[in-house]
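Asker: I'd like to go over a predicted model; first the sequence, then the structure.
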Amino acid sequence: MQRFSSRLHAGLCAVVLLQVAAAAAQAGSTKASVTPPFSPNSANPQFILLTNDDSVTQGVYNALTSVTTGRKSLTGCAAAATLFAVGRRDWGQDCALVKKLYNAGYEVADHTQNHISLRGLPYAQVEKEISEGRRSLAACGIPAADLVGFRGPLLETDVNTRKALSTLGFLYDSTLLEETSGNSVSRSLSQRVYPFSMDNGVPLNCRWFGGIQTCSTSERWPGLYEIPVWNLWLNKTPYSMDYGTGSNAYALLKANFDAAYAGNRAPLPIFVHEPWLQEGSNLAGLKQFVDYALKKPDVYLVTMRQLIGWMKNPIPANRLTPEGLGCGKPGGAYGTGKPGAVRAQSSTPSSSPKPSPSPSPKPSLPVAAPGGACGPAVGARCPINQCCSQYGYCGITAQHCGAGCQKTYGQCNK
């Protein structure tokens, strides 16, 4: 059983969508799995999810914009974040700043009206807390139709919360903790569970967290997604939110990112609160990490609803565009969902030298499907502008086009 740090406890602190929206969300439901949409793993983008809980104050605004402003993926997708904001104003909530961040591409999501634990409360009170929180955020000028996400205060939750979210037409919840060392669906840091729809229940091991959460595989919430609060680890210590302190914040985020990027590329969480952002060198470590991550191909800092949009309609990394993903759209909304042209190679900084020309693939060999098996074992070459990795799969990432490229069976040059 995980023991929560005092840091986590210290930091944690009606508008109804049309039912047709909830019905539409059922299309493209996703089962809980560690298997990514595309094979090999490197064919999938690596998403990073930056969120802040509680009120949007001037301090939160300054900290988050210092992380996202001017930072982009190698394909030009502007970095964004998600704000789980309480409804009450006496916590320092600044509606003008909430609306400003919404217009800049941040997502605004519900964190209840009064920031109280919902676990064990009667259903009517749970629904009231959630709906009033959303109504208050709408009064800040956020369109009700864009308030589609929720996270429970103190990460305490039970079936009544998910029942209320389903009834109120929410798109997703992000409250359930996920153990990542093999005691739940996730197998390891490199094989974490992907977000999933709760059409067929909740398979996470909620019992692991000592009773602050309950969930069951018998629950059925069609169209409602769960984006887990994954445990991250450093030096055998788990962190559910507010990761590390001072100098080790960067080390923790980097180690967990590297495991994900080299693994199944499940989204990497950076779920924090204002006290963590303001403490010591945490913010500097976070910005250092974001700079490190965004230098790598196919890495995106996105909102929760953009992630769900991609989960419902996956696009391989080599065809994902800022327009398709919705980068920069007000409220962090998903984009067109349309794939772009296949990129001949993963984007790299303009100062990077182009690789030397490689031999053309043998014309006599059959052509594999994009991302399919290739090489001498199957007797197939890759489509034009894709290289056959040392593991026998076609693609255009650095892992395909680097030293392990079987150039006889495909090459990455434009």
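Answerer: Done, it's in. As the structure is a prediction and not an experimental result, all values here were calculated from the model.
Asker: pLDDT of the longest strand seen in the chain, averaged?
Answerer: In the chain, with assignment by DSSP state E, the single longest strand is strand 46-54. Per-residue pLDDT values across strand 46-54 average out to 99.
Asker: swap in stretch 163-179?
Answerer: Per-residue pLDDT over stretch 163-179 has a mean of 98.
Asker: and that stretch, how far out from the chain's middle?
Answerer: Taking CA atoms, centre = their mean, to the nearest Å, the mean C-alpha location of stretch 163-179 is offset from the chain mean by 15 Å.
Asker: CA-only coordinates of that stretch in PDB, if you can.
Answerer: Listed in PDB are the C-alpha atoms of stretch 163-179, where the atom choice follows Å, rounded to 0.1, in the frame of the first residue of the first chain:
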ATOM      1  CA  LYS A 163     -22.200   8.700 -11.800                       C
ATOM      2  CA  ALA A 164     -22.600  12.500 -11.500                       C
ATOM      3  CA  LEU A 165     -20.000  13.100 -14.200                       C
ATOM      4  CA  SER A 166     -21.800  10.700 -16.500                       C
ATOM      5  CA  THR A 167     -25.200  12.300 -15.700                       C
ATOM      6  CA  LEU A 168     -23.900  15.800 -16.300                       C
ATOM      7  CA  GLY A 169     -22.300  14.900 -19.600                       C
ATOM      8  CA  PHE A 170     -18.600  15.300 -18.800                       C
ATOM      9  CA  LEU A 171     -16.000  13.900 -21.200                       C
ATOM     10  CA  TYR A 172     -13.400  12.800 -18.700                       C
ATOM     11  CA  ASP A 173     -12.400  12.400 -15.100                       C
ATOM     12  CA  SER A 174      -8.800  12.600 -13.800                       C
ATOM     13  CA  THR A 175      -8.900  11.500 -10.200                       C
ATOM     14  CA  LEU A 176      -8.200   7.800 -10.000                       C
ATOM     15  CA  LEU A 177      -4.600   6.900  -8.900                       C
ATOM     16  CA  GLU A 178      -2.700   4.300 -10.900                       C
ATOM     17  CA  GLU A 179       0.100   2.200  -9.300                       C
END
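Asker: Beyond the longest strand of the chain, next helix or strand please.
Answerer: Beyond strand 46-54 on the C-terminal side, the first helix or strand identified by DSSP states H and E is helix 58-68.
Asker: Next, the angle from that following helix to strand 46-54.
Answerer: Per axes from the mean of the first three to the mean of the last three CA atoms, to 10 degrees, the angle that helix 58-68 makes with strand 46-54 is 170 degrees.
Asker: Pull out the buried residues from helix 58-68.
Answerer: Buried positions in helix 58-68, judged by neighbour count with 16 or more other CB atoms under 10 Å: Val60, Tyr61, Ala63, Leu64, Thr65, Val67, Thr68. The way it works is simple: take the backbone N, C-alpha and C, and place the C-beta from them, glycine included.
Asker: Can you verify my assumption that the third one contacts Glu274?
Answerer: Yes. The pair Ala63 / Glu274 is scored as a contact, 7.4 Å apart, by CB atoms under 8 Å.
Asker: list the residues that contact both of those two?
Answerer: Common neighbours of Ala63 and Glu274 (criterion: CB atoms under 8 Å, 6 or more residues apart in numbering): none identified.
Asker: Using the record's domain definitions, break the protein down for me.
Answerer: Each domain of the chain is listed here as a residue range: 29-332, 364-413, per the TED database.
Asker: Show me how far the longest strand of the chain is from its chain's centre.
Answerer: 7 Å.
Asker: Can you list the strands that it pairs with?
Answerer: Strands flanking strand 46-54 in the sheet, each with its direction: strand 82-85 (parallel), strand 268-273 (parallel), strand 299-302 (parallel) (DSSP bridges).
Asker: what sits up against the next helix or strand after the last one?
Answerer: Right, the one you point to is strand 299-302. Proceeding N to C from strand 299-302, the next assigned helix or strand is helix 304-312, under DSSP H and E. Here helix 304-312 makes contact (CB under 8 Å, 6+ apart) with 25, 27-28, 30, 37, 45, 47, 49, 51, 80, 82, 107, 109, 148-149, 171-172, 174, 194-195, 225, 227, 267, 302, 320, 325-327, 331-335, 337.
Asker: Between strand 46-54 and helix 304-312, find me the angle.
Answerer: With the same axes, to 10 degrees as the criterion, the two stretches helix 304-312 and strand 46-54 enclose an angle of 140 degrees.
Asker: which parts of the next helix or strand after helix 304-312 are buried?
Answerer: Heading C-terminal from helix 304-312, the first helix or strand you meet, by DSSP H and E, is helix 322-325. Of the residues in helix 322-325, Pro322, Glu323, Gly324, Leu325 count as buried by neighbour count, 16+ other CB under 10 Å.
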